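A.B. asks: Predicted coordinates and the sequence they were generated for:
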Protein chains: 2
Amino acid sequence: MTTDSPVASRSRDAEKTRQALLESARSRFAHDGYAATTVRDIATDAGVNVALINRYFGSKEGLFAACLNRTVEQMEPPAESQTTFDQMVASLVARVADQSGGVKPLELLLLIRSSGDEKADEIRRATLTRYTESMAAIAGWKRDDPATEALLLRAQIAMATGFGIVLWRASTELGPLASASAADLSGPVGDVVTALLR
Amino acid sequence: MTTDSPVASRSRDAEKTRQALLESARSRFAHDGYAATTVRDIATDAGVNVALINRYFGSKEGLFAACLNRTVEQMEPPAESQTTFDQMVASLVARVADQSGGVKPLELLLLIRSSGDEKADEIRRATLTRYTESMAAIAGWKRDDPATEALLLRAQIAMATGFGIVLWRASTELGPLASASAADLSGPVGDVVTALLR
DNA sequence: GAGTCGTGTAAACAATTGCTGACTTGTGAA
DNA sequence: TTCACAAGTCAGCAATTGTTTACACGACTC
């Protein structure tokens, strides 16, 4: 039907179904949590058979790990040396308010809600550490410098604010926060990060 | 054995096992989430038989609702007319940092993480609305007054920060936030709430 | 002490879970 | 066209889930 791509839409395309599964899984895992999500739900969303999850990802945990990896890769923190404070604030707002291009805000929840799998938890911890240390560094934090120690705590609280907002928007429809646009959020969130780190 | 109370510790005390179940359930639900918690886990924690959950609470959902109710009752917001701004900030910090006496911080997560049950979700929404409106009112918010509209959004963000911090502390051991004391938190959180609402 | 009712236990139920094996079907090369 | 292998389907498994039923215990009244 569609003759757009050199490798046009085939009815059987392993890579395409792999991506479809990843997409459905990330959405389900982020929104409902790991335990509440069933592999049959994911397969149905993706429009494919359940057995393919085990074929392509080994297990439900393997699929979750793949989801987490994709999110982690897109969470590259702003480079400490060439990022201004205002850019960092804008970047955080963008991630929370669905204007970041890559990661959807919901996926951030993969980083903060435990799945029970220890290996995945380690990946999450490393990502959170890397990101918050970058934020703190932009604000002046130096590793092992007691004088700037408090900045790391404050960067983590800024991050926690982001998670809290995303969680609020994902699990309640309570306005105005649930329906706030990026423009609505940018002022208040900017105030928070500024109060914490400047 | 113990002869402390007029109604001393009986080996069979319905009210006591009810409370034990409630305690175990609140802890499990808050920490692991609704779906990841099994009734057998709860019963084992409480040291009683699984069947008693259904006898005393009807179902797993009924037990969850009972947990939620106990938390909701203890979430009475600060009275708008006789609470200063600083008292409100201190109250929020206390809830997050386990110095509130009543509700343990973890239990706050019952208010923000959906259980899938629509009736429980409605209770959660009502509680969140009541609490954030009280906070906003202390800061000057008036219902249906467009000039103060933004304060409600900002109160919700302040609340979200609290949830984010609790979630961070519950699902990672990442310091310094995970191991911060109430004294450590009070400064930064105070800054956040002030930046949002003053 | 006998009877009774509230409390607790044990075993099993049906449904759902993640997962597996044997199978069909489509696709592209020979 | 034929054929081989990847891609997808199907039915069923073992384990776990929430729940129920039938039974045993223990304390209290008479």
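C.D. replies: Arrived safely. A quick note: this is a predicted structure, and the numbers were derived from the prediction, not measured.
A.B. asks: Tell me how many other residues crowd A:Ala147.
C.D. replies: Other residues near A:Ala147 come to 9 when the count uses other Cβ atoms under 10 Å in any protein chain shown. Where you see a C-beta, it was placed from the backbone N, CA and C, and this is true even at glycine.
A.B. asks: what's the spacing between it and A:Gly140?
C.D. replies: Counting by Cβ to Cβ, to the nearest Å, the separation of A:Ala147 from A:Gly140 is 9 Å.
A.B. asks: What are the buried residues along the least confident helix or strand in chain A by mean pLDDT?
C.D. replies: The helix or strand with the lowest mean pLDDT-type score in chain A, counting by mean pLDDT, DSSP states H and E, is helix A:85-96 (a mean of 89). Residues of helix A:85-96 classed as buried by neighbour count (16 or more other Cβ atoms under 10 Å in any protein chain shown): A:88-90, A:92-96.
A.B. asks: just stretch A:185-195 next, same as before
C.D. replies: Neighbour-count burial for stretch A:185-195, with 16+ other Cβ under 10 Å as criterion, is recorded at A:185-186, A:188-193, A:195.
A.B. asks: who's in contact with that stretch?
C.D. replies: Judged by Cβ atoms under 8 Å, 6 or more residues apart in numbering or on different chains, the contacts made with stretch A:185-195 from elsewhere in the structure are A:88-90, A:92-93, A:96-97, A:158, A:161-162, A:165, B:150, B:153-154, B:157, B:161, B:191-192, B:194-196.
A.B. asks: mind checking the SS state of the residue nearest the centre of chain A?
C.D. replies: In chain A, the C-alpha closest to the average C-alpha coordinate belongs to A:Leu108, at a distance of 2.5 Å (Cα atoms, centre = their mean). Three-state secondary structure (criterion: DSSP: H, G, I helix; E, B strand; the rest coil) places A:Leu108 in helix.
A.B. asks: what helix or strand is the closest residue to it other than its chain neighbours on?
C.D. replies: Counting by Cβ to Cβ, 6 or more residues apart in numbering or on different chains, A:Val166 is the residue found nearest to A:Leu108 once chain neighbours are left out, at 5.3 Å. Take DSSP states H and E as the rule and A:Val166 turns out to sit in helix A:149-171.
A.B. asks: quick check, distance from that helix to the centre of its chain.
C.D. replies: Centroid separation between helix A:149-171 and its chain, computed with Cα atoms, centre = their mean, to the nearest Å, is 13 Å.
A.B. asks: Tell me the residues of chain A that contact DNA strand C?
C.D. replies: A:10-12, A:37-40, A:50-51, A:53-54, A:58-61 (Cβ under 7 Å from any atom of the strand).
A.B. asks: same thing but at 10 Å, please
C.D. replies: A:7-13, A:28, A:34-43, A:49-55, A:57-64 (Cβ under 10 Å from any atom of the strand).
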